[in-house]
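J.: Just to be clear, the model below is a prediction. Sequence and coordinates:
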Amino acid sequence: MAAGVSSAPAIIPASFDSMLSAARTQVPEHATTEISNIEKQIAAIHDSTGMAPLFTQLAQLWKQHKQLTIAAYYVAKAAKLENSEKKLTFAAQYFLDRMSADSSERVQMWEAEQSIECFQRALQINPENDSAQIGLAKGLVITGQTMQGVQLLRGITQKDSNNVPANMLLGQLAIQSGQFDKAIKRFETILRVEPANAEALYSLAEAFKGKGDKAKAIELFEQCKKLVDKPEFSRDIDKYINSFR
C-alpha cells in the first residue's frame, strides 16, 4: 500500500536533451511549430526576466500534448527565474509526482535530481518550509543520499515530534533497514495523531510482520481492511495474509 522510499543504486540520470528529442516525435506538427516559435522568442530575449512567461507557455503546450515530464522541466525553469518559493516548491513536487508515472529508472533519477534543486532553491528563500524539507529529504533518499535525507527528517521531528509526513518516511526507511521497533514507534505516533491513516496502519502491520509477530500483523491488517472498506483491497489483504500465515 505504501509506496515507500529506497536508496537507489548508481543509476545514470537521463539526458533532458534526449527526452526532449523523443517528446518532439510524440506531438502533432502544429504543436511542434508552436513550440519552435516560443523557443525562438526565448532565444531572442536578452533580459532573463522576460523568459519566465514564455517558459510557462512552453510548459502549458507540452502538458496539453501529454508530455508531462517535459512540461515539468519548463515549469521549473519559470519558477527559478521568478525565484518564487511557492512556484519552486510546486515544481519540485511536480517532479516527485512524475516519478510514479515514469517507468524508466534513468528518467526517475533525473526527476529526483531536478526536485532536489528546486526544493533547495525554495529553502534558500524560506529555510523553515517543512514541506520543502520533507520533499528534499525524499529526493535525497531516492538519489542514494540516505543519511542526509534522514538528518533532515530527524530535524523536523525534533521540532515537531508529531509531524506525519516526516514520521512516515522515517518509518518506511526503518522498515527497509530492518529496524522494526523504530518503525513501529514512528507509525504509532502517526496513528495517535491520525487514527484513520490507512497508510500508517498498513505500514505498522508490515513492521510487526518484519519483526516476526505474525499475530499482531494479521490483527492490524484486518483493522486496515475495515478502515479502507473496499472489497478488492480486502481480497488482496486476505491473499497477502495467507502468504505468510
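T.: Received it, and whenever you're ready, just let me know what you need. Because the structure is predicted, anything quoted here is derived from the model rather than measured.
J.: L220 reaches K211, doesn't it?
T.: No: using CB atoms under 8 Å as the test, L220 is too far from K211 to be in contact (11.8 Å). No exception for glycine: its C-beta is placed from N, CA and C like everyone else's.
J.: Those two: which has the busier surroundings?
T.: Neighbour totals were compared for L220 and K211, and L220 leads with 22 against 17 (other CB atoms under 10 Å).
J.: can you pull the contacts of the more buried one?
T.: 201-202, 204-205, 208 (CB atoms under 8 Å, 6 or more residues apart in numbering).
J.: okay if I get the residues you listed as TSV plus pLDDT?
T.: Shown next, in TSV, are the contacts of L220 (pLDDT from 0 to 100):
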residue	pLDDT
L201	98
Y202	98
L204	98
A205	98
F208	98
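J.: Tabulate those residues in a markdown table, adding columns for neighbour count, secondary structure and distance to D97.
T.: Shown next, in a markdown table, are the contacts of L220 (neighbours: other CB atoms under 10 Å; DSSP: H, G, I helix; E, B strand; the rest coil; distance: CB to CB, whole Å):
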| residue | neighbour count | secondary structure | distance to D97 |
| --- | --- | --- | --- |
| L201 | 24 | helix | 24 |
| Y202 | 22 | helix | 21 |
| L204 | 27 | helix | 25 |
| A205 | 25 | helix | 26 |
| F208 | 21 | helix | 30 |
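J.: element containing the most centrally placed residue in the chain?
T.: The residue lying closest to the centre of the chain (CA atoms, centre = their mean) is L96, at 3.4 Å. Using DSSP states H and E, L96 sits in helix 85-99.
J.: How about K225?
T.: helix 214-228.
J.: And G144, by the same measure?
T.: Counting by DSSP H and E, G144 is found in no helix or strand.
J.: per-residue pLDDT, it?
T.: Here, the pLDDT recorded for G144 equals 90.
J.: I'd like the average pLDDT over stretch 22-29.
T.: pLDDT averaged over stretch 22-29 gives 94.
J.: Endpoints of that stretch, how far apart?
T.: With CA to CA, to the nearest Å as the measure, stretch 22-29 spans 14 Å from end to end.
J.: Okay, buried residues for it please.
T.: Across stretch 22-29, burial judged by 16 or more other CB atoms under 10 Å covers 23, 27.
J.: Run through who's touching that stretch.
T.: 32, 35, 62, 65-67, 69-70.
J.: helix or strand right after the helix holding K225?
T.: Using DSSP H and E, the first helix or strand after helix 214-228 is helix 231-244.
J.: Who are the packing partners of the helix holding L96?
T.: If you count contacts as 3 or more CB pairs under 8 Å, 6 or more residues apart in numbering; DSSP states H and E, helix 85-99 packs onto helix 68-82, helix 105-125, helix 130-142.
J.: if I look at L54, how far off is E82?
T.: Computed as CB to CB, to the nearest Å, the L54 to E82 distance reads 12 Å.
J.: ugh, wrong one, D102
T.: 26 Å.
J.: isn't the residue nearest to the centre of the chain right next to A137, touching?
T.: No: judged on CB under 8 Å, L96 makes no contact with A137 at a distance of 11.1 Å.
J.: List the contacts of the residue of the chain most remote from its centre.
T.: Centroid-distance maximum for the chain: A44 at 35.3 Å, with CA atoms, centre = their mean. By CB under 8 Å, 6+ apart, the contact set of A44 is empty.
J.: Try it again at 10 Å.
T.: By CB atoms under 10 Å, 6 or more residues apart in numbering, the contact set of A44 is G50.
J.: just the one 4 residues further on next, same as before
T.: Listed by CB under 10 Å, 6+ apart, the contact partners of S48 are 42, 80-81.
J.: thinking again about what came up before, which neighbours do L96 and A137 have in common?
T.: 116, 119.
J.: what bits of this structure have low per-residue confidence?
T.: 1-10 (pLDDT under 70).
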